[in-house]
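> Predicted model, plus sequence, below.
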Amino acid sequence: MKYKALKGICDILPPETYIWQHIESVAKEVFKTYGCKEIRLPIIESSEIFIRSIGETTDIVEKEMYTFQDKAGRSVTMRPEGTAPFVRAFVEHSLHNEPSPQKYYYMGPMFRYERPQAGRQRQFHQIGIEALGTDDPKIDAEVISMLMALLKRIGLKDIELEVNSIGCGICRPEYKTVVKDFLRENLEFFCEDCKRRYEINPLRILDCKVEGCIGRRQAVPSIVNLLCDDCKDHFEELQHYLQLLNVSYRINPNLVRGLDYYTRTAFEVKGKSLGAQNAVAAGGRYGSLVEEFGGPAVSGIGFAIGVERLLSLVSEGHNDYGPDIFLCFLGDEAEKKSFMLTNELRAEGLWVETAYDKSSLRSQMRRADRIKAKNVIVMGEEELKKKKVIVKNMAGKEEVETVLEGAEIIKVVQKDILSV
RNA sequence: GUGAGUGUAGCUCAGUCGGUUAGAGCACCAGGUUGUGGCCCUGGUGGCCGGGGGUUCGAGUCCCCUCACUCACCCCA
């Protein structure tokens, strides 16, 4: 084989593409009912946007970005996530002047240079929303419940919502210090990764899976008990609203987000059958990102769904796509007439296929069956003399003779199409 | 970046102790007597056995290197 797609970058082929279309259209319907408007954002941005927002010491920025120089020598990066480009656009176009709160959704590819594995590829797709213009925890609950409503409508089972508050610019640094104080004495007994985390992001130690580390960190107090009063109130109200909306959730005090810009609310939806990369969607509140990008002091909250991970959770079975009509012909005159009729029926919005060369009726019927045609039209010399055609329903086998006229044929075929 | 596993047809896999022209099922294409699909039957297309080197009279099979893929760690959607 001469050429292959790049490592971790996949083609999406039919019938998979049908499931993608389905998910995207359901998402759009759900978002519409919450007032989210679509925003389409570029795939490459100035590198600085990601470095400043995601954080210089995060893995994404340190080793996972597709960054290169354009012809003018500027450093540009293929977006590893959607929030930073969104906030850049929000500020650039002064979208805070739209009636508040402003709610947007986006969908598209993201790029991270990582070793691929189950549920992780270098080009992957996210469907995300962002809601800005209010600090009220009511909108946090609304955003989370919108996510759960969407996942439910897509038919996901065996998923679990985890929520946490990771504090704000005031109480989180204080909590970090508390964690470091508690771990300092025993640090030598922790795993190598945790020793590294201690310097870079000590909160991650609370999420380590190594058994020895789990036992040794027991004494560390939970962040939930050390939030400042404002953050604490926010978190409690969020839970209150989630309960009002009957959204079931689990508080995970060890839930940490990997991106620096998150404040207060953090949440994640985990899929039970997903393997090691089990977050199907995640999000959180960002308190000062808009300001850091030179915009007004408005905060936002958003989430992103990993579409590929979502797909691996949704049961398949969208494999029954086939033409509404397959047109069989016999004889030279019928070939011409059927070619014209194919065109006419397509103009009416039907999916119509026909044979491209002369072959036996048996062979044409076989082809119609293989491509899962719902109906077959037989146009032979005998029918042509009477200016009629035979319409056959492939599932039920019944045949009807009808006049050779597009409108009449559509009438015969219609009930089957509508019932699909 | 680290570790483990797997590479034979488009897909799923056989291939004996190293033996002659590499197989099956599915899929695809063409047929199975005047114009009716699915099941069945016949035939056909499709392989540098991931690549390179070595051992041997002889390698899909044994050895070395390499590449690719997969899973996991890290991290994340």
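It's in.

> Spell out which residues of the stretch 301-420 of chain A are next to RNA strand B.
When proximity is defined as CB under 7 Å from any atom of the strand, the stretch 301-420 of chain A approaches RNA strand B at A:304-306, A:308-309, A:330, A:359-363, A:365-370, A:376, A:378, A:380-383, A:390, A:392, A:394-395, A:397, A:399. All C-beta atoms are positioned from the backbone trio N, CA, C, and that covers glycine.

> Quick one, which of the residues you listed are buried?
A:304-306, A:308-309, A:330, A:365, A:367-368, A:376, A:378, A:380, A:383, A:390, A:392, A:394 (16 or more other CB atoms under 10 Å).

> Secondary structure element holding the closest residue to A:Ala304 other than its chain neighbours?
Computed as CB to CB, 6 or more residues apart in numbering, the closest residue to A:Ala304 that is not its neighbour in sequence is A:Gly128, at 3.9 Å. Assigned by DSSP states H and E, A:Gly128 belongs to strand A:123-132.

> Check which helices and strands that strand is in contact with.
Under the contact criterion of 3 or more CB pairs under 8 Å, 6 or more residues apart in numbering; DSSP states H and E, strand A:123-132 touches helix A:16-33, helix A:83-92, strand A:102-111, helix A:137-154, strand A:300-306, helix A:307-313.

> Show me the domain layout of chain A.
A:16-170+A:228-313, A:325-414 (automatic domain parsing).

> Mean neighbour count, the ones you listed: which tops it?
domain A:16-170+A:228-313 (a mean of 18; mean count of other CB atoms under 10 Å).

> First-to-last residue distance for that domain?
13 Å (CA to CA, to the nearest Å).

> Now do the phi/psi pair for A:Pro173.
phi -60, psi -40 (degrees, to the nearest 10).

> Tell me the spacing between A:Val290 and RNA strand B.
According to CB to the nearest atom of the strand, to the nearest Å, A:Val290 and RNA strand B sit 18 Å apart.

> Excluding chain neighbours, give the residue nearest to A:Gly300 in space.
A:Leu132 (3.8 Å).

> dump the residue contacts of the one you found.
A:Phe90, A:Leu95, A:His96, A:Ser100, A:Pro101, A:Gln102, A:Lys103, A:Val290, A:Val298, A:Ser299, A:Gly300, A:Ile301 (CB atoms under 8 Å, 6 or more residues apart in numbering).

> From the residues you listed, pick the one nearest A:Ser222.
A:Ile301 (22.3 Å; CB to CB).

> Which residues are in contact with that closest one?
Per CB under 8 Å, 6+ apart, neighbours of A:Ile301: A:Glu130, A:Ala131, A:Leu132, A:Ile139, A:Asp140, A:Val143, A:Thr265, A:Gly283, A:Gly284, A:Arg285, A:Tyr286.

> Please identify the helix or strand for the closest residue to RNA strand B within chain A.
Relative to RNA strand B, the nearest point of chain A is A:Gly258 (1.4 Å; CB to the nearest atom of the strand). Here A:Gly258, judged by DSSP H and E, is contained in no helix and no strand.

> In space, what's closest to it - neighbours in sequence excluded?
A:Thr58 (6.0 Å).

> pretty sure the one you found contacts A:Leu259?
Yes: counting by CB atoms under 8 Å, A:Thr58 touches A:Leu259, with 6.5 Å between them.

> interface residues of the stretch 151-300 of chain A facing RNA strand B?
A:193, A:197, A:201, A:204, A:208-210, A:256-259, A:268, A:275-282.

> Narrow those residues to those in helices?
A:Asp193, A:Arg197 (DSSP state H).

> contacting residues around the residue nearest to A:Ala304?
Contacts of A:Gly128 by CB under 8 Å, 6+ apart are A:Gly82, A:Thr83, A:Phe86, A:Tyr105, A:Tyr106, A:Met107, A:Gly283, A:Gly302, A:Phe303, A:Ala304, A:Ile305.

> And A:Ile51, by the same measure?
A:Val61.

> quick one, helices of the stretch 201-350 of chain A?
For the stretch 201-350 of chain A, helices defined by DSSP state H, counting those that start in this stretch occupy the ranges A:211-216, A:229-244, A:289-292, A:307-313, A:332-347.

> Select, out of those, the one closest to A:Gly167.
Of all those, helix A:229-244 comes closest under CB to CB, at 5.3 Å.

> Having no further points to raise, I will conclude here.
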